[in-house]
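S.K.: Okay, here's the prediction I keep looking at, along with the sequence it came from:
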2 protein chains.
Amino acid sequence: MEYYSSHINKLIEEFSRLPGIGAKSAQRLAFHVLNMPKDQVDQLANAIVNAKANVQYCKCCYTLTDQEICPICKNPKRNHQVIMVVENTRDLAAYEKTGKFDGVYHVLHGAISPMLGIGPDDIRLKELMQRITKEEIEEVIIATNSSLEGETTAMYISKLIKPTGIRVSRIASGVPVGGDLEYIDEVTLLRALEGRVEL
Amino acid sequence: MEYYSSHINKLIEEFSRLPGIGAKSAQRLAFHVLNMPKDQVDQLANAIVNAKANVQYCKCCYTLTDQEICPICKNPKRNHQVIMVVENTRDLAAYEKTGKFDGVYHVLHGAISPMLGIGPDDIRLKELMQRITKEEIEEVIIATNSSLEGETTAMYISKLIKPTGIRVSRIASGVPVGGDLEYIDEVTLLRALEGRVEL
């Protein structure tokens, strides 16, 4: 790495910190950026800074958005009595793409993982419970991933909500076990939604 | 994509323009950036802008560097009568890592490719010929990749230089045919250098 100038090394280092980008890919990206026209380089840098500066958590469902309350939570046509609980914003987008779910969401930003030391207080679970007590909720659909962490989180949430009398359901096992929600095709996602079972 | 805010979409779009980054990876990178602390995000953006602003072509060998003349061209201990011609700065770095080549370089920034419409005028070949006429050169070692484009470029350069009486050599076929120079181990690179044959 000492064969490049310090600015190139710094850029390679920054790229290699991103997930899924190894040393060779980081070099390739760095030299690609150096060969890009200046306005495109500025666009890339600005997109990074602007996204970080303007994107915040929705005060209601905690998805990432550029408004105080996200468009889904604001929409009066959505059914605000049905909350789908997902692990992250990409999973929310995966269900939105099906176009068939008209309820609202709650984004946990993670899943309970004793292995990684992530407990119930490290995800947006307290916020979900507050919503449930404040608002009039009919059903909570738990759409965490069908991984060990996702299942653990689903069981934990269902045990918390059951005593309140609100219906709690889990998306069906149409989602392949061990799979990551965001990589699954829309038909499978819909099957899982239709076949949800009460917990 | 319309399920994310415009700033997130813009960031995903910018990432997906980079080489080797598809739609899913771009999403993953974008959300990773959004979850990074602000100072790390600024570091990444600054590294991109600074590299582009401060890195230029060396006026002598055309490698990417942050000085007018790169440290290798400036170094009086290097043998300035032997020029190794490479396709890009990463290939230069690959040979520098062997630590056994004490000559200087010339970076073409590409290879002749009739398929892609890249001709001799689109790479830094004119600049190489100017160096050869101005400076006292003993040998030109052609270390372009052993791909079709690299071989074509090597043949083209050797035909240009031969009439001047300067010795022209090609790194040996220790480099596997079809291989990309920057991915090859140092021992193979050294073998190829030692076994070079006169063209």
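M.R.: Received the coordinates, thanks.

S.K.: Residues contacting whichever strand or helix holds A:G150, please?
M.R.: Applying DSSP states H and E as the criterion places A:G150 in helix A:148-161. Contacts of helix A:148-161 from elsewhere in the structure, counted by Cβ atoms under 8 Å, 6 or more residues apart in numbering or on different chains, are A:85, A:87, A:108, A:111-116, A:118, A:120, A:123, A:125, A:128-129, A:132, A:140, A:142, A:144, A:168, A:170, A:199. Quick note: C-beta positions are derived from backbone N, CA and C, even for glycine.

S.K.: taking those residues one by one, which sit in helices?
M.R.: Of these, the ones assigned to helices by DSSP state H are A:125, A:128-129, A:132.

S.K.: between those, which is nearest A:K100?
M.R.: A:L128 (22.6 Å; Cβ to Cβ).

S.K.: How about the contacts made by the closest one?
M.R.: A:83, A:85, A:106, A:108, A:140, A:157.

S.K.: ok, so what distance separates it from B:Q56?
M.R.: 53 Å (Cβ to Cβ, to the nearest Å).

S.K.: Point to the residue nearest the middle of chain A.
M.R.: A:N88 (1.3 Å; Cα atoms, centre = their mean).

S.K.: give me every residue that touches that one.
M.R.: Counted by Cβ under 8 Å, 6+ apart, A:N88 has contacts A:107-110, B:31.

S.K.: Show me which pair in those is furthest apart.
M.R.: A:L108 and B:F31 (14.0 Å).

S.K.: Those two - which one has more neighbours?
M.R.: A:L108 (25 against 21; other Cβ atoms under 10 Å in any protein chain shown).

S.K.: Tell me if I'm right that that one and A:T89 touch.
M.R.: No: judged on Cβ atoms under 8 Å, A:L108 makes no contact with A:T89 at a distance of 10.5 Å.

S.K.: residues shared between the contacts of the two?
M.R.: By Cβ under 8 Å, 6+ apart, no residue touches both A:L108 and A:T89.

S.K.: Which single one of the contacts of A:L128 is nearest to chain B?
M.R.: A:L108 (13.5 Å; Cβ to the nearest Cβ).

S.K.: How about that closest one: what's its closest non-neighbour residue?
M.R.: Nearest residue to A:L108 in three dimensions, chain neighbours excluded: A:I123, at 4.3 Å (Cβ to Cβ, 6 or more residues apart in numbering or on different chains).

S.K.: Just the pLDDT for the one you found.
M.R.: We have a pLDDT of 94 for A:I123.

S.K.: what about it, distance to chain B?
M.R.: Going from A:I123 to chain B by Cβ to the nearest Cβ, to the nearest Å gives 13 Å.

S.K.: With A:E194 instead?
M.R.: 21 Å.

S.K.: same question, A:D121
M.R.: A:D121 is 18 Å from chain B, by Cβ to the nearest Cβ.

S.K.: For that residue, grab the count of nearby residues.
M.R.: With neighbours defined by other Cβ under 10 Å, the count for A:D121 comes to 8.
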